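Colleague: Take a look and give me a structure for this.
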Amino acid sequence: MVLLRSLLGDVLRALRLRQGRTLREVSAAARVSLGYLSEVERGQKEASSELLSSICKALGVPLSHVLREVADQLALAELQHEPVMAGAPPEHERISTDAVPDSPEEIAGEFRADMVAA
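Modeller: Numbering: from 1, shown residues only. Here you go, the predicted model:
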């Protein structure tokens, strides 16, 4: 099972490392303890929305960008048939990856075909 807090931590760590910044620098700028930020990055703590906003501000990245990255990784996990959360549909109710279009063009083509048929 993929945990949202783990994906979020991975994204935050990757952003920080791409900037070449240390935990100490970001924790000071975000006004959060070094240990807590480390736990958030390792997926051991769930950050509040206020804390996430502060970390994103310290990284100079919009919160929406971080959440989009997390959503993309979550979507990949779902496509790999990994149960993402409790209550995920049983195997026999899951959508086959064969049913997922390969490209945006394929999706657009399906919509056009529906429009022509109407």
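Colleague: Every contact and neighbour count from this point should use C-alpha atoms.
Modeller: Will do.
Colleague: quick one: the helices in the protein?
Modeller: Assigned by DSSP state H, the chain shows helices spanning 4-18, 23-30, 34-41, 49-59, 63-79, 104-117.
Colleague: Leaving out chain neighbours, which residue sits closest to Arg13?
Modeller: Glu41 (5.7 Å; Cα to Cα, 6 or more residues apart in numbering).
Colleague: Check the contact between the one you found and Ala14; I expect there is one.
Modeller: No. Checked against Cα atoms under 8 Å, the pair Glu41 and Ala14 is beyond contact range at 9.2 Å.
Colleague: between the two, who's got more neighbours?
Modeller: Glu41 (24 against 13; other Cα atoms under 10 Å).
Colleague: OK, contacts around the more buried one?
Modeller: 6, 8-10, 12-13 (Cα atoms under 8 Å, 6 or more residues apart in numbering).
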